[in-house]
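Visitor: sequence plus predicted model, see below.
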Amino acid sequence: MEKNDSATALSQHCPRPPTDSRTRDSALARHPEYVRYVDSAAEHSHQAVRLRRPQDRRSFIFDTISVATASILAGDLATAGEYGMKAVGLVADGMRLARVNDRLNALWELAEPQAKREPALAALGSRIAELQAV
């Protein structure tokens, strides 16, 4: 798919299309007709986590959530649970923002149907609920 085609497709599914490739690929990969973006989303998300500086905590949380999201879409539920729990742990340590909660809720929407198959995802749902109840 050409860049303009992916931008058009994304704008049909997202009212405010993301501008960076990691977020764009994750958004596209959520739709069955664009499943081919899953590998790209996972690769870009893992790379973002590896390259993120420690002082960029908020961005690191978003990148970690992106890895968890891409992992669910790729069927790697154990990795999704691992990175989802990392993100929740960072949020519990003091990074409480509405946008982070929105991303965690979107992650849980995607993870919930798989939670019975992967204990780490079930634990993730419990931790997100606990975190947001405080």
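Guide: The structure has been received and is ready for your questions. This is a predicted model, so every value here is computed, not measured.
Visitor: now the closest residue to residue 92 other than its chain neighbours: which helix or strand?
Guide: In this structure, residue 92 finds its nearest non-sequential neighbour in residue 131, 5.7 Å apart by Cβ to Cβ, 6 or more residues apart in numbering. Every C-beta, even on glycine, is put in place using the N, C-alpha and C of the backbone. With elements taken from DSSP states H and E, the one containing residue 131 is helix 119-133.
Visitor: and that helix, how far out from the chain's middle?
Guide: Relative to its parent chain, helix 119-133 has a centroid offset of 15 Å by Cα atoms, centre = their mean, to the nearest Å.
Visitor: contacts for that helix?
Guide: 68, 72, 77-78, 80-82, 84-85, 88, 91-92, 101, 104-105, 107-108, 111-112, 114-116 (Cβ atoms under 8 Å, 6 or more residues apart in numbering).
Visitor: which one's the longest helix in the protein?
Guide: Ranked by residue count, the top helix of the chain under DSSP state H comes out as helix 57-74.
Visitor: output the contacting helices and strands for that one.
Guide: helix 21-29, helix 38-51, helix 77-92, helix 98-111 (3 or more Cβ pairs under 8 Å, 6 or more residues apart in numbering; DSSP states H and E).
Visitor: and those helices, which is most packed in?
Guide: Highest mean neighbour count among these (mean count of other Cβ atoms under 10 Å): helix 21-29, with a mean of 22.
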